[in-house]
Structures are given as C-alpha cells and as structure tokens.
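Undergrad: generate a structure from the sequence data that follows.
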Amino acid sequence: MIPGQNQSWVSEFILLGFSSDPTTNSILFIVFLLIYLSTVLGNGLIIMLVCLDTQLHTPMYFFLCNLSLLDMTFVTTTMPQMLVHLLAYSQSISFAGCCLQMFACGALGITECMIFVVMAYDRYVAICYPLRYTVILNWGLCIKLEAGSWICGFLSSLLNTFFTMSLPYCGPNRVNHFWCEGPSVRSLACMDTHLIEMVDLVLSIFLCVIPISLIVTSYIGIAMAILKIKSTQGRCKAFSTCASHLTVVTLFYAPATYTYLRPNSSYSPEQDKQISLFYSAFTPLLNPVVYSLRNKDIKRAFLKVMDYGRCTSGPGW
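TA: Have a look, this model is predicted:
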C-alpha cells in the first residue's frame with residue numbers, strides 16, 4: 001500500500017460464484033430462484049399466521065416470528081445478487097457494496113445465534129416452570145431479549161466488518177465465493193492477517209461456543225424435567241415442543257461452527273462455498289418446513305386462515 005494512502009486500491013470485487021459455464025449457471029438460476037421464492041413464501045407465511053392468529057400471540061411464537069424474519073432477510077441479502085450474477089456477464093460488486101453485504105449477513109447471522117439461545121430459554125421455562133411461564137417470560141422481558149439479540153448481532157458484525165474491510169486490498173480482487181463472506185474476502189488482503197484472524201476466532205468462539213453451551217445447558221434442564229413426568233404421553237408432548245428447535249439449531253450451528261472455528265490451515269474455498277450455501281440458503285428454507293410440519297398450532301392457524309379465505313371468496317365477492 002502506498003505510504004500515506006488510507007484507502008484500498010481495490011474499488012470492486014469479482015464474485016466467482018459456482019461455475020463459469022452458461023448452461024450450468026442457467027440451471028443453477030432456476031434452482032436457486034425456486035429456493036429463494038420458497039424461503040420467502042414459507043417464512044412470510046409463518047409471520048403472517050403469527051400476526052393474524054391471536055392464539056399464537058405467545059413468547060414462543062413471538063420468537064419464532066423473529067426467526068422467520070431473520071431467515072427471510074438473510075436470504076434477501078445474498079440470493080438476489082447471486083441470481084443476477086448467474087445470468088449477467090459481469091459478476092462484480094463494489095467495495096462499498098461488499099462491505100454492506102458482509103455487515104448485513106454477519107449481523108443477521110449473529111442475531112440468529114442469539115435468538116436460538118432465547119428460544120432454548122423459552123422452552124426451558126415452559127417445561128420446567130409451566131405455571132410461572134407467563135410471569136417469568138412477560139412481554140417486557142421478551143422485547144428486551146429480542147432487542148438485546150439484535151444489538152449484539154449488529155455491534156459484533158460492525159466490529160468484524162470494520163477489521164476485515166480496513167485491510168489493504170491492493171492485488172487480486174477475485175473472491176472465490178458467491179457473496180462477500182469475511183474469510184473469503186480477507187484471504188485477498190495484501191498483508192499478514194494473522195492478528196485479524198485471531199480476533200475473528202475469539203469473536204467466533206464467543207458467538208458460537210457460548211450460545212451452544214447455553215443451549216445445551218437449557219436442554220439438560222429440560223431433559224431432567226421431562227424424565228420426572230410420569231405419563232408417557234406427557235413426556236412425548238413435552239419432547240415434541242423441543243424437537244423442532246433442536247432440529248433447526250443443529251442445521252444452523254453445525255455448518256456455521258465448522259466454517260468459523262476450524263483452523264486457517266484447513267481453509268478450502270470450494271468446500272466453504274458449499275457449506276456456506278447450506279446455512280445461508282437451505283437452512284432458512286427448511287426452518288418453516290420443520291416448524292410447520294411438527295407444530296399443531298401452526299397447522300391450525302393455517303387451516304383457520306384458509307377457511308376464512310374460502311368464506312370471503314364465496315358468491316357475491
């Protein structure tokens with residue numbers, strides 16, 4: 001970098017995506033377009049049902065509604081641009097655009113990590129202290145937990161994005177990824193990034209290991225409470241309320257933990273793209289499916305809305 005120059009030499013990045021073959025890209029465009037539309041539709045449906053059905057106005061569905069909002073927003077920060085790049089000749093993204101995308105995706109992803117912890121605490125209180133559930137998890141506390149999750153996500157991502165995008169980028173600008181993910185962009189920096197990588201690792205440990213530990217602790221308490229239930233039917237009902245949450249937590253944390261906590265020596269761009277695609281595209285798609293298939297309240301609310309729609313669309317409408 002030129003002495004005294006405080007800005008990067010690189011004004012834009014080239015996102016290489018998955019393939020340079022037009023036929024392959026056309027097929028991928030159709031597949032990812034269907035995934036994106038299904039994700040937005042599925043998560044949007046959950047948000048609509050929770051808002052319309054007063055019986056779903058509980059802490060559990062309040063947090064589920066926020067999770068759906070996060071998933072829907074997260075895919076919108078990456079998928080539309082990826083779809084354009086699959087068909088367009090140019091696959092460039094401006095330096096500012098890359099910075100903004102990195103910040104937005106990081107903020108939403110970290111917030112989702114925190115939301116999973118809050119949802120685990122919600123299930124812990126519901127099963128271990130059912131008679132005091134509404135007293136402990138009152139709306140004031142729910143809003144504070146939700147706001148705290150968003151604030152933690154945005155501040156952490158701001159710190160991470162600042163460190164990464166402050167590095168000098170004076171050489172190659174071809175990012176072997178389909179969006180501006182931190183490790184992929186940072187690998188292009190024109191300086192030793194060991195210190196930044198250590199800071200990123202510490203931040204990743206704080207944002208992955210601690211939430212996972214809190215979730216595991218919550219479910220240990222839940223398991224002990226379930227074992228005390230004498231009725232087999234009661235045990236199955238209690239377990240079913242937690243199965244959906246455990247499923248989506250596993251789908252999200254397993255690939256994310258591998259990506260951000262593995263040694264730098266094992267970094268593989270191609271493998272990273274595949275893993276990143278799983279938690280940035282497929283997990284948001286699967287979340288509403290998991291919750292809707294296993295949740296009787298969501299099914300009931302959906303049927304209620306459908307029945308109302310049939311009534312209002314009768315003769316004379």
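
Undergrad: now for the least confident helix or strand in the chain by mean pLDDT, which elements pack on it?
TA: One helix or strand of the chain scores below all others by mean pLDDT, DSSP states H and E: helix 296-312, with a mean of 74. Contacting helix 296-312 under the criterion 3 or more CB pairs under 8 Å, 6 or more residues apart in numbering; DSSP states H and E are the following elements: helix 22-52, helix 283-294. In short, each C-beta sits where N, CA and C put it, glycine included.

Undergrad: for Y253, which of these is the nearest?
TA: Closest approach to Y253 among those is made by helix 283-294 (9.8 Å; CB to CB).

Undergrad: dump the closest one to CSV, keeping only the CA atoms.
TA: Output of helix 283-294 as CSV, limited to C-alpha atoms (Å, rounded to 0.1, in the frame of the first residue of the first chain):
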residue,chain,number,x,y,z
THR,A,283,-31.4,-23.8,6.5
PRO,A,284,-33.7,-20.7,6.0
LEU,A,285,-35.7,-22.9,3.6
LEU,A,286,-36.0,-25.8,6.0
ASN,A,287,-36.9,-23.8,9.1
PRO,A,288,-40.5,-23.1,8.2
VAL,A,289,-40.9,-26.7,6.9
VAL,A,290,-39.7,-28.1,10.2
TYR,A,291,-41.8,-25.9,12.4
SER,A,292,-45.0,-26.2,10.2
LEU,A,293,-44.8,-30.0,9.9
ARG,A,294,-44.3,-30.6,13.6
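
Undergrad: quick one, the least confident helix or strand of the chain and helix 283-294 angle?
TA: Calculated by axes from the mean of the first three to the mean of the last three CA atoms, to 10 degrees, helix 296-312 forms an angle of 80 degrees with helix 283-294.

Undergrad: circling back to that earlier point, of the helices and strands packed on helix 296-312, which is nearest S213?
TA: S213 lies closest, by CB to CB, to one member of the helices and strands packed on helix 296-312: helix 283-294, at 20.8 Å.

Undergrad: what angle separates the closest one from helix 22-52?
TA: Inter-element angle recorded for helix 283-294 and helix 22-52: 50 degrees (by the same axes, to 10 degrees).

Undergrad: name the helices or strands packed onto helix 283-294?
TA: Helix 283-294 sits against helix 22-52, helix 59-87, helix 232-261, helix 296-312, with contacts defined as 3+ CB pairs under 8 Å, 6+ apart.
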